[in-house]
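J.: Requesting a structural model of the entry that follows:
(one chain, ligands or ions: 1)
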Amino acid sequence: MILTQEEVKEFQENGFLILRNFLDKESCEAILDVAKVHLKHKIEPIESEIDYLVKSKEYRTHVTDYNSLEEKRILTPRRLRQVYERDILFKEWMENKKIRPILKELLGDEVVITTAHHNSIMTKMPSKNSVTEWHQDRRYWSYSDDNLITIWLALGEENSQNGVLEFIPKSHKMEFLEEQFDERDYFRVDKKMNMSLIETKTSTTLKAGDVVLFHCKLLHRANANSTQEPKISFVYTVKGANTKVIDGSRSAQYREILLD
Ligand SMILES: O=C(O)CCC(=O)C(=O)O
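T.: A predicted model of the protein is given here:
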């Protein structure tokens, strides 16, 4: 499967692209079954809801320990970290042969998995969960340039009630002032200069098997999950082989996998 010129243009211009029905239902269900076991038993490394809310910008930029901070027995998982190593099914999806030429085309480079970032099963549990404010994933990452793409696989339906992704198209190409972000680098919704941009937001319901590819500087957010079912997605990030990790940074603490 290779992208059409329109699809490549759409990604370059808007900063994201949706590939509908990309992974078959059986594979999604198999991944979901394993993910649910790891979530049920709270197998570390996990980021919990509390971690997500309290970790500072400094912590996220520098600390490489991905285990949860709060007591395991009471934590609500937000994401299972380091999934590449957790299960063969997870590894197989991240090395999926159908998606490789697509990523290569969009990166314009050889594809490298960055296990330091995302590399996760992302959840929003019904009992205790929170809004994800507008942000660029790139903010805590340390690389020579911005040629990084996140691959978001929906494992069930994602809609406005359970926290589907919302994007600000074209924001990956925009230059922003420091004052447009708060102390944790979230894009401020109370700033007049941000409001008109936020009005251009877009989102669409996803079904199991749909994939969203988005640029590491694209502004995105998600509602809290107000339903009784968890929202569970598989999220990992790739970079071009010529995009170099900054030595000594948190991004350099985990291995990279070159896909041939
Ligand atoms: O809340 C969500 O599901 C989106 C999470 C997200 O964008 C992130 O953690 O980078």
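
J.: For the rest of this, base every contact and every neighbour count on C-alpha atoms.
T.: Will do.

J.: what residues does the stretch 51-200 of the chain put near the ligand?
T.: Within the stretch 51-200 of the chain, the positions near the ligand by Cα under 6 Å from any ligand atom are Thr132, Asp137.

J.: quick one: the helices in the stretch 51-200 of the chain?
T.: 57-62, 88-94, 100-107, 192-198 (DSSP state H, counting those that start in this stretch).

J.: need the strands for the stretch 51-200 of the chain, in chain order.
T.: Secondary structure of the stretch 51-200 of the chain (DSSP state E, counting those that start in this stretch): strands at 77-80, 111-114, 120-124, 132-135, 148-154, 165-167.

J.: Pick the most deeply packed of the ones you listed.
T.: Of all the strands of the stretch 51-200 of the chain, strand 77-80 has the most neighbours on average by mean count of other Cα atoms under 10 Å, namely a mean of 27.

J.: what helices or strands is the longest strand seen in the chain leaning on?
T.: In the chain, ranked by residue count with DSSP state E as the criterion, the top strand is strand 231-240. With contacts defined as 3 or more Cα pairs under 8 Å, 6 or more residues apart in numbering; DSSP states H and E, the secondary structure elements packing on strand 231-240 are helix 100-107, strand 111-114, strand 120-124, strand 148-154.

J.: The strands of the stretch 51-200 of the chain: lowest mean pLDDT?
T.: The minimum mean pLDDT among the strands of the stretch 51-200 of the chain belongs to strand 77-80 (a mean of 91).

J.: CA atoms of it as CSV?
T.: Output for strand 77-80, consisting of C-alpha atoms alone and laid out as CSV, is shown next (Å, rounded to 0.1, in the frame of the first residue of the first chain):
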residue,chain,number,x,y,z
PRO,A,77,-3.4,3.5,34.5
ARG,A,78,-3.2,6.2,31.8
ARG,A,79,-0.7,4.3,29.7
LEU,A,80,1.3,1.1,29.5
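
J.: what sits up against it?
T.: The list of residues contacting strand 77-80 from outside it, by Cα atoms under 8 Å, 6 or more residues apart in numbering, reads 38-39, 42-49, 52, 120-125, 129.

J.: Buried subset of those residues as a PyMOL selection?
T.: Command for PyMOL, covering only those of the contacts of strand 77-80 found buried under the criterion 16 or more other Cα atoms under 10 Å:
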select buried, resi 38+39+42+44+45+46+47+48+49+52+120+121+122+123+124+125+129
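
J.: ok so, going back, of all the helices and strands packed on strand 231-240, which lies closest to Phe181?
T.: Distance to Phe181, taken as Cα to Cα, is lowest for strand 148-154 among the helices and strands packed on strand 231-240, at 21.2 Å.

J.: List the pairing partners of that closest one within its sheet, with orientation.
T.: Within its sheet, and counting by DSSP bridges, strand 148-154 is paired with strand 211-215 (antiparallel), strand 231-240 (antiparallel).

J.: Output the shortest one as CSV, nothing but the C-alphas.
T.: Included here for strand 211-215 are C-alpha records, laid out as CSV according to Å, rounded to 0.1, in the frame of the first residue of the first chain:
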residue,chain,number,x,y,z
VAL,A,211,-4.8,4.7,12.1
VAL,A,212,-4.0,8.4,12.5
LEU,A,213,-0.5,9.6,11.5
PHE,A,214,0.4,13.0,13.0
HIS,A,215,3.4,15.3,13.0
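
J.: quick check: angle from that strand to helix 100-107?
T.: Relative orientation of strand 211-215 and helix 100-107, computed by axes from the mean of the first three to the mean of the last three Cα atoms, to 10 degrees: 30 degrees.

J.: Contacts made by strand 211-215 with the rest, please.
T.: The set of residues external to strand 211-215 that reach it, using Cα under 8 Å, 6+ apart, is 11, 15-23, 147-154, 172.

J.: same question, the last one
T.: Outside strand 231-240, the residues within contact range by Cα under 8 Å, 6+ apart are 32, 94, 104, 107-115, 117-125, 147-158, 162-163, 225.
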